[in-house]
Every structure is written in C-alpha cells, then in structure tokens.
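Chemist: quick check, what structure comes out for this input:
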Amino acid sequence: MTGVITASKPHWIGPFTGLSPQQFGMLITALRREGAAPLRKGRPWSLPLEDRVLLVITYWRTNLTLRQLAPLFGISKSAADRIIGHLGPSLALRQRRWFRKDAVLIVDGTRVPTRDHSIAERSKNYRYSTNHQVIIDADTRRVVAVGRPLPGNHNGCKAWELSGAKAAVGRATVIADGGYRGTGLVIPHRRERDRAVLPAWKEEHNASHRKVRARVEHAFARMKTWKILRDCRLKDEGVHHAMLGIARLHNLTLAG
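Modeler: Residues are numbered from 1 along each chain as shown. The predicted structure follows:
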C-alpha cells in the first residue's frame, strides 16, 4: 500500500507540521544525534525515520483519528499507533537545567481537554481536562520547562509545586498572574481593603506586568495550533509527551 504523505516531498511538510522543510531537517538531524533511530532486532519499521516523525507531528497537528491518518501514510492503524507510542517521547522538549542570573521567566497554566478520565477531572469549563504548567523565557519567548499534567480542577498555586514546575526553575525570577498568591512568584499588586484604588506607581507596575506576562498567552495560542491540545485522545503519558513535543516544535518555529 502506497502512502500519500511523505517527507521525501517537501511540500507536504509545512501544511502538516507547521515547520519549514529546513526546520524539519534540523529536527531529524537532532533526533538522529539523540539516538531516536537505533538499530533494532526483529521486524524493521515500515516507514523511514523522516516519515515516522512526519506521522507523529501530523497526528498532533491535525488531530485526525488513527483510522483516518494511517492510510495517508500507507500503513495500518496498529502500525501508526505503535509509531506514535514509540517516537512521541523522543520528540519531547529537553528542559533547561540552568538559567542566567538575570533571566526572567513567565509561568502560567493551560488546560487540555483530555478523554482519559483516569488522569483528568472536570474543571471550571465543565470539561474533563488536564492542567499543564508551562514556563517560558520572557526574552526569547521559548518554552524552557513544562510540568507534569495534573487533573484540570487543580488551581495554579497547587499545580505550580505538585507538577514539578517549581523545582524545574530553581531560584530564577518568575512572574505569574494573580492566581499564584502565596507562592513567592512576582504577581500583580492587589488593592488593599482600606483603599479604593491602587497608588499610581502600583498601577504602572501592574500595566508593565500585564504586558510582559501576555507573552505566555501568545505562546499558548501558537502551541494550540497543534490541535491535539484542543481535544486529546491519548491515554496515560500520551498527553504529557504531546505537550513536551509541541513545546519543542514551538521553540523550533521561533528559531526561524
């Protein structure tokens, strides 16, 4: 059975991955260097590494079902499932381990509607979802760390620590919205009970804070062009691997 979509034809890469052919080539080179295509015993993969990577990213990008996606690559549904399960973790973001002394990071949580109810809970939008704490560098706007997924009914204060996001940033300066009270993060000033309005200097600080913190919202908007983050059907660790992989792809698109 012959597939329709293949990485050997560069015109398929952009529409189905969000990457340019050059960026896709850089990703393949990095994956080979990281050992994503080792020699293995037994039956070889039905697709070369380039097409397997294209399949995984296409799945994340379009959120097609495996029954719809597999014929496009000329393979069976079960083979597509095995490729996604095997290669998805290899695409994960390598989270940063150290930061500049003057680095400013931004954290916020985003919810991903998730059909696996063993890891999801109903959240404020009444959908089963998982809460993901995402940290970006304020200067480069690249994702530097992603916490482990928690049930969607966790608020930011709890998720910040329980997801491992707090441990991932060490002592770096991190700003967040007002939902992170009591965490030690840099959050907006709040009006005191005995005051009708904030002092002018605090209003100026808040305006500057909002302008910078908006960058993480922009990152979420770009990441969610990979439609699996709008309705994830993956089970167990699948939603975590997808979030980490999409964070890496997001960073790659920013690299130009």
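Chemist: and the longest helix along the chain, what does it pack against?
Modeler: Taking DSSP state H as the criterion, the chain has its longest helix at helix 200-223. Helices and strands touching helix 200-223, by 3 or more Cβ pairs under 8 Å, 6 or more residues apart in numbering; DSSP states H and E, are strand 104-113, strand 128-137, strand 173-175, helix 238-254. All C-beta atoms are positioned from the backbone trio N, CA, C, and that covers glycine.
Chemist: name the residues of the last one that are buried.
Modeler: In other words, helix 238-254. Under the neighbour-count criterion of 16 or more other Cβ atoms under 10 Å, helix 238-254 has 238-253 buried.
Chemist: let's see that helix as CSV, backbone CA atoms only.
Modeler: The C-alpha coordinates for helix 238-254 follow below in CSV (Å, rounded to 0.1, in the frame of the first residue of the first chain):
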residue,chain,number,x,y,z
GLY,A,238,0.4,10.5,25.9
VAL,A,239,-0.9,14.0,26.7
HIS,A,240,2.4,14.8,28.6
HIS,A,241,4.5,13.6,25.7
ALA,A,242,2.4,15.6,23.2
MET,A,243,2.8,18.8,25.3
LEU,A,244,6.5,18.3,25.6
GLY,A,245,6.8,17.5,21.9
ILE,A,246,4.8,20.5,20.8
ALA,A,247,6.8,22.7,23.2
ARG,A,248,9.9,21.6,21.2
LEU,A,249,8.2,22.3,17.9
HIS,A,250,7.1,25.7,19.1
ASN,A,251,10.7,26.6,20.0
LEU,A,252,11.9,25.4,16.7
THR,A,253,9.4,27.6,14.8
LEU,A,254,10.7,30.6,16.8
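Chemist: model confidence over it, on average?
Modeler: In this model, helix 238-254 carries a mean pLDDT of 96.
Chemist: now do it: which elements does it pack against?
Modeler: Of the remaining helices and strands, those touching helix 238-254 by 3+ Cβ pairs under 8 Å, 6+ apart are helix 21-33, helix 49-62, strand 128-137, strand 143-146, helix 200-223.
Chemist: name the residues that touch the next helix-or-strand element following the shortest one?
Modeler: Using DSSP states H and E, the helix or strand that follows strand 143-146 towards the C-terminus is strand 150-151. Surrounding strand 150-151, the residues in contact under the criterion Cβ atoms under 8 Å, 6 or more residues apart in numbering are 119-121, 130-131, 158-159, 162-163.
Chemist: for Phe24, which residues are in contact?
Modeler: Contacts of Phe24 by Cβ under 8 Å, 6+ apart are 7, 13, 17, 53-54.
Chemist: swap in Ser20?
Modeler: Applying Cβ under 8 Å, 6+ apart, the residues near Ser20 are 13-14.
Chemist: many thanks, I have nothing further to ask.
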